[in-house]
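Engineer: Provided below are the primary sequence and the corresponding predicted coordinates.
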Amino acid sequence: MKKPAILVARAVFPEVLTQLEQHFEVAANQGDTLWTPAELIERLQGKQGAFTTGSERIDAALLAACPELKICANMAVGYNNFDLAAMTDAGVKASNTPDVLTETTADFGFALLMATARRMAESEHFLRAGRWKSWRYDLFAGAEVHGSTLGILGMGRIGQGIAKRGAHGFGMKVIYHNRSRLDAATEVLCGASYVSKADLLKQADHLMLVLPYSPEAQHAIGATELAQMKPTATLVNIARGGIVDDAALAQALKNRVIAAAGLDVFEGEPALHPDLLTVPNVVLTPHIASATLPTRRAMAQLAADNLVGFLLHGKALTPLN
Ligand code: 8YV
């Protein structure tokens, strides 16, 4: 029997590619060329499956132009690159990679919080520039992490992982806001209490954004919200670009409306709002929250398993529709 044809849209671990080749006719992109939407459509012709990442937009126009496509397996837990309704309408299966990146991403959220609160990037730049001349009582004095109040906006798997680290590892008071409140047992497990968004903004010493992107979440944190935060507060975004109004944030950091921010995701990334590069009190990382080799391997494996499961056995492991 002829093997189904798939496209692996970005470079991937060679061993995952080898595995896929056992089951499929694979068109790969190990040179990791970033294709335009038209080039992606061209490469998807005659393909039943696609291994995608956050960089590939799967929308109604693409689906109409690729009638043989049956599944897109995203190597990411977030899927705002998918128009899920259009995929469902077109009868195209969508899958993501939940669970395998939860703890790694929560680790990174905490790392970015600590780097931001304790001014690690800013002080390292100062040191590298040869500006460290002597010890001083307030040199890069930052915000306390242990025992402070950690606010979490979005309380899914990753938010819960961060809450546990804060509550149980750092003795923090953890408050959260989410579309739906957790059950009482999970709140106890996470050491977290539910508050309104207004109280979250007002009370948090450190505010961590971990909500999925949706059009309603666009600029959930803008000038108005930043003005409600403590002037000593830290903001960390490991969720998605667009949830924070980056222009408003750069302005707020410049005017010390809040003390500092740590950002792993950006509006329109990989481009950054130019003002973010001019303020010292922000730690910037290139969307690496899930980037450990074991986790990225597990994500690639799960995306591959979704393709095999669906195209060969009719069932994706972690379907979205
Ligand atoms: C991915 C992510 O690295 O899983 C997600 O939603 O944001 C990251 O873990 C990125 O989306 C690439 O696909």
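Structural biologist: Good, I have the coordinates. Numbering: from 1, shown residues only.
Engineer: quickly list the domain ranges of this protein.
Structural biologist: Here the domain parsing of the chain from automatic domain parsing is 5-100+293-313, 102-284.
Engineer: dump the ones you listed to JSON lines, plus mean pLDDT.
Structural biologist: Output for the domains of the chain, formatted as JSON lines (pLDDT from 0 to 100):
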{"stretch": "domain 5-100+293-313", "mean pLDDT": "98"}
{"stretch": "domain 102-284", "mean pLDDT": "98"}
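Engineer: turn the ones you listed into a markdown table, columns for distance to residue 321 and mean neighbour count.
Structural biologist: Every residue, glycine included, has its C-beta placed from N, CA and C. Shown next, in a markdown table, are those (distance: least, C-beta to C-beta, whole Å; neighbours: other C-beta atoms under 10 Å):
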| stretch | distance to residue 321 | mean neighbour count |
| --- | --- | --- |
| domain 5-100+293-313 | 5 | 18 |
| domain 102-284 | 15 | 18 |
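Engineer: so which of the ones you listed is nearest residue 320?
Structural biologist: Among these, the nearest to residue 320 by C-beta to C-beta is domain 5-100+293-313 (4.2 Å).
Engineer: anything in the closest one near the ligand?
Structural biologist: Yes: shown here: domain 5-100+293-313 in contact with the ligand (C-beta under 6 Å from any ligand atom) through 53-54, 75-78.
Engineer: and those, which is closest to residue 13?
Structural biologist: Ranked by distance to residue 13 (C-beta to C-beta), the residues of domain 5-100+293-313 next to the ligand are led by residue 75 at 10.2 Å.
Engineer: can you give me the strands for the stretch 201-321 of the chain?
Structural biologist: 206-209, 234-237, 260-263, 282-284 (DSSP state E, counting those that start in this stretch).
Engineer: now the two most distant members of the residues of domain 5-100+293-313 next to the ligand.
Structural biologist: Farthest-apart pair in these is 53 and 77; separation 11.7 Å (C-beta to C-beta).
Engineer: ok, residues contacting the lengthiest helix in the chain?
Structural biologist: In the chain, assigned by DSSP state H, the helix with the most residues is helix 293-313. Contact with helix 293-313 is made by 4, 6, 12-13, 16, 19-20, 23-24, 48-49, 51, 70-71, 73-76, 93, 95, 97, 100-101, 104, 290, 315-319, as judged by C-beta atoms under 8 Å, 6 or more residues apart in numbering.
Engineer: how much distance is there from that helix to the middle of the chain?
Structural biologist: 19 Å (C-alpha atoms, centre = their mean, to the nearest Å).
Engineer: just stretch 121-131 next, same as before
Structural biologist: 28 Å.
Engineer: keeping just the C-alphas, turn that stretch into CSV.
Structural biologist: Presented in CSV, the C-alpha positions along stretch 121-131 are these (Å, rounded to 0.1, in the frame of the first residue of the first chain):
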residue,chain,number,x,y,z
ALA,A,121,20.2,40.8,32.8
GLU,A,122,20.5,44.5,33.6
SER,A,123,23.3,43.9,36.1
GLU,A,124,25.2,41.5,33.7
HIS,A,125,25.1,44.1,30.9
PHE,A,126,26.5,46.7,33.4
LEU,A,127,29.3,44.2,34.4
ARG,A,128,30.2,43.3,30.8
ALA,A,129,30.3,47.0,29.9
GLY,A,130,33.1,47.4,32.4
ARG,A,131,31.0,49.7,34.6
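Engineer: residue contacts, the spatially most central residue of the chain?
Structural biologist: Centroid-nearest residue in the chain, with C-alpha atoms, centre = their mean: residue 239, separated by 4.1 Å. Residue 239 is in contact with 154, 209-213, 217, 265, counting by C-beta under 8 Å, 6+ apart.
Engineer: and it, what are its phi and psi?
Structural biologist: Per-residue torsions, residue 239: phi -90, psi -90 (degrees, to the nearest 10).
Engineer: the residue nearest to residue 239 when sequence neighbours are not counted and residue 177, how far apart?
Structural biologist: Excluding the flanking residues, the one nearest residue 239 by C-beta to C-beta, 6 or more residues apart in numbering is residue 209, at 4.5 Å. Taking C-beta to C-beta, to the nearest Å as the measure, residue 209 falls 11 Å from residue 177.
Engineer: equivalent analysis for residue 192, please.
Structural biologist: 10 Å.
Engineer: intersection of neighbour lists for those two?
Structural biologist: With contacts taken as C-beta under 8 Å, 6+ apart, the residues that reach both residue 192 and residue 177 are 152, 155.
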